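K.L.:
what follows is a predicted protein model with its sequence.
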Amino acid sequence: MISQPASGVARVVRPALVFLIVLPWLPPLLAHVPVLGSVGGAIDSWFSLHCHRETARTFSLLAVCWRCYGIYFGLGAGALLVRPTLTPFAYRIWVLVAALILLLDVLTEVLHMRPPFGPLRFFSGMLLGWPVGVALVLACRPVDAT
């Protein structure tokens, strides 16, 4: 089998997803850099639309909370490594189980059954983002010629 060159979409999707690993670090890093501070501000505005960024749930050097960073990291790492390669059904099961774990993490925290714990928030987000990153990259790859 001869592999076709990557499509235009594949050439953009994978690097864009991998860039998500560093994107939440940029607003704090660029905040005091002339000209680039406005770029950091625009990125920060995007994050403020979907992340609460409560102090107890956020690492101070990130523009998002631990869970959101876990999702971004998982999307990027999954796209970077493209492992494991599973069937579409297996990815669906992984995403379903990960969503349930994330929901359990949210509920136990909201119901005050435990305090906010950054590493658990990161892990539950990463567990959900990883298979989505892998699946997006695989979905953008051209079909091998036979």
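P.N.:
Happy to help now that I have it.

K.L.:
starting at the chain centroid, how far to stretch 120-129?
P.N.:
9 Å (C-alpha atoms, centre = their mean, to the nearest Å).

K.L.:
likewise for stretch 89-105?
P.N.:
Relative to its parent chain, stretch 89-105 has a centroid offset of 15 Å by C-alpha atoms, centre = their mean.

K.L.:
list the buried residues for it?
P.N.:
91, 94-95, 98, 102, 105 (16 or more other C-beta atoms under 10 Å). All C-beta spots, glycine's among them, are computed from the backbone N, C-alpha and C.

K.L.:
helices - which of those land there?
P.N.:
91, 94-95, 98, 102, 105 (DSSP state H).

K.L.:
may I ask which two of those are separated the most?
P.N.:
Greatest spacing in those, by C-beta to C-beta: Tyr91 and Asp105 (20.6 Å).

K.L.:
may I have the helix or strand of the chain with the lowest mean pLDDT exported as CSV, CA atoms only?
P.N.:
Here the helix or strand of the chain ranked lowest by mean pLDDT, DSSP states H and E is helix 8-19, holding a mean of 91. Backbone C-alpha positions of helix 8-19 (Å, rounded to 0.1, in the frame of the first residue of the first chain) are rendered in CSV as follows:
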residue,chain,number,x,y,z
GLY,A,8,-4.6,20.2,3.3
VAL,A,9,-6.9,19.7,6.3
ALA,A,10,-4.5,17.1,7.9
ARG,A,11,-1.6,19.5,7.5
VAL,A,12,-3.5,22.1,9.6
VAL,A,13,-5.5,20.0,12.1
ARG,A,14,-2.6,18.1,13.7
PRO,A,15,-0.3,21.1,14.3
ALA,A,16,-3.3,23.2,15.5
LEU,A,17,-4.2,20.5,18.0
VAL,A,18,-0.6,20.1,19.2
PHE,A,19,-0.4,23.9,19.6
